[in-house]
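1. heads up, no residue letters with this:
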């Protein structure tokens, strides 16, 4: 179900649908890691949203953890109902409770709607997000 | 020494020099976490470079870990000697050995020299990097 949500998106579908590594093992790895949390939003017994939070310890910013959000997805037929906003509000609250001083994410430059959404929540696009595919 | 390197930079100096959390505790947290590695480069007994790698498990990209690089710094008087390039080559190799399919980083939009550097290594600036400071 969560994987179905991740590929319910034209950008993700191109890279997440091919067969490959084991989702059960990946889920178990996230579940066992105290610095990774997979968030699932249910509505009437249906999974309507998911995101992952990673808490990264570091020496920058005076030793505080930073929170990173990846894989934010709301099921296409449940969009524009405020679910994403509630998820991001929850993420900021969770990060604050953990003592994080910063919450960060990257968003594909093609996702202009998402950028307006994050800006409306106070996020600032201060950084370039670089990726390098490895073989 | 590592902290001195992190603040040897006009952008970082503004946020990393104030007193605050305990660096020893932060270092211990990184050291104890099997998905976080603090890399230190020495030359003639002197620390000339540092970076942090975080290996993030996830359900996207068919369950592969992604590698993230943060806090890449080369001591100002050792720059333009290829140290940064060697560090990034090492990071890509380390990530590949771990089975990561992707290596990612964000870089402040003011760091245009760094952007040229990452692009020269094959990194693509495909994403917007959003940050939200928390209180």
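-> Ah, there it is. What you see is a predicted model; the values in this text were computed from it and never measured. Numbering: from 1, shown residues only, chains lettered A, B, ... in the order given.
2. contacts, neighbours, all on C-alpha from now
-> Fine.
3. report the longest helix in chain A, please.
-> Criterion DSSP state H: the longest helix present in chain A is helix A:83-97.
4. what's that one in contact with?
-> With contacts defined as CA atoms under 8 Å, 6 or more residues apart in numbering or on different chains, helix A:83-97 is touched by A:49, A:53, A:66-67, A:69, A:73-74, A:101-103, A:121, B:134-135.
5. can you give me the helices in chain A?
-> So, for chain A - with DSSP H - the helices run A:2-6, A:10-16, A:23-32, A:83-97, A:112-120.
6. what's the most buried one of the ones you listed?
-> helix A:2-6 (a mean of 18; mean count of other CA atoms under 10 Å in any protein chain shown).
7. Average pLDDT for that one, rounded please.
-> Averaged across helix A:2-6, pLDDT comes to 69.
8. same thing with stretch A:70-87?
-> The pLDDT scores in stretch A:70-87 average 94.
9. Please point out which parts of that stretch sit buried.
-> For stretch A:70-87, the neighbour count (16 or more other CA atoms under 10 Å in any protein chain shown) marks A:70, A:71, A:72, A:73, A:74, A:75, A:83, A:84, A:87 as buried.
10. weakest of the helices of chain A in terms of mean pLDDT?
-> helix A:10-16 (a mean of 61).
11. Let me have the contacts of helix A:83-97 in JSON lines, adding distance to residue B:28 as columns.
-> Output for those, formatted as JSON lines (distance: CA to CA, whole Å):
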{"residue": "A:49", "distance to residue B:28": "35"}
{"residue": "A:53", "distance to residue B:28": "21"}
{"residue": "A:66", "distance to residue B:28": "16"}
{"residue": "A:67", "distance to residue B:28": "18"}
{"residue": "A:69", "distance to residue B:28": "24"}
{"residue": "A:73", "distance to residue B:28": "34"}
{"residue": "A:74", "distance to residue B:28": "37"}
{"residue": "A:101", "distance to residue B:28": "19"}
{"residue": "A:102", "distance to residue B:28": "20"}
{"residue": "A:103", "distance to residue B:28": "22"}
{"residue": "A:121", "distance to residue B:28": "33"}
{"residue": "B:134", "distance to residue B:28": "23"}
{"residue": "B:135", "distance to residue B:28": "24"}
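12. Show me the residues you listed that map onto strands.
-> A:49, A:53, A:66, A:67, A:69, A:73, A:74, A:102, A:103 (DSSP state E).
13. got a list of what the second one touches?
-> Under the criterion of CA under 8 Å, 6+ apart, the contact list for residue A:53 reads A:35, A:36, A:37, A:38, A:39, A:67, A:68, A:69, A:70, A:91.
14. ok, now the third one?
-> Neighbour list for residue A:66: A:55, A:56, A:57, A:58, A:95, A:100, A:101, A:102, A:103, A:104 [criterion: CA under 8 Å, 6+ apart].
15. circling back to that earlier point, neighbour-wise, which of the contacts of residue A:53 leads?
-> Neighbours here mean other CA atoms under 10 Å in any protein chain shown. Within the contacts of residue A:53, the largest count is held by residue A:67, at 27 neighbours.
16. That one against residue A:56, yeah?
-> Yes. Taking contacts as CA atoms under 8 Å, residue A:67 lies within contact range of residue A:56: 6.3 Å.
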